[in-house]
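Novice: Sequence and predicted structure are below.
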Amino acid sequence: MSRLYVHLSKDVETALKVGKRHGEPVILKVYSRDMYNSGHKFYLSENGVWLTKKVDAKYFAVMKD
C-alpha cells in the first residue's frame, strides 16, 4: 500500500460512502480521543479527512449492524 497515513472519517455515513467505492465496507470505530490523550498526532487535510500515522489494534473495534 502506498498511503503514508491512515485516513479517518468523521462519521459513519462518510465512512460508508468512501468504503463503498472499494467493495463491501467494514466500518471500524477508532477511539481517537484515547489515541490523542496517549500522544498520537492527528492532521486535518484540506479536504476534511483526518490523518494519523497508525492505529494500534487496542484503539479500534469493528462496528456491528
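Specialist: The structure has been received and is ready for your questions. Since this is a predicted model, take the numbers as computed values, not measurements.

Novice: So, low pLDDT: which residues of the protein?
Specialist: 1, 65 (pLDDT under 70).

Novice: The same query, at a cut-off of 90, please.
Specialist: Residues of the chain meeting the criterion pLDDT under 90: 1-3, 10, 14-19, 21-27, 47-49, 62-65.

Novice: What ranges does it have for its helices?
Specialist: For the chain, helices defined by DSSP state H occupy the ranges 12-19, 32-37.

Novice: Residue 61: which of those is closest?
Specialist: With CB to CB as the criterion, residue 61 lies closest to helix 32-37 of these, at 11.6 Å. C-betas here are computed from N, CA, C, even on glycine.

Novice: who touches the closest one?
Specialist: 8, 42, 50, 52, 55, 59 (CB atoms under 8 Å, 6 or more residues apart in numbering).

Novice: what sits against the spatially most central residue of the chain?
Specialist: The chain has residue 8 as the residue nearest its centroid, 2.7 Å off, counting by CA atoms, centre = their mean. Residue 8 makes contact with 30, 32, 42, 49-52 under the criterion CB under 8 Å, 6+ apart.

Novice: Swap in 6 Å and give it another go.
Specialist: Contact partners of residue 8, counting by CB atoms under 6 Å, 6 or more residues apart in numbering, are 30, 50.

Novice: I'm done for today, thanks for sticking with me.
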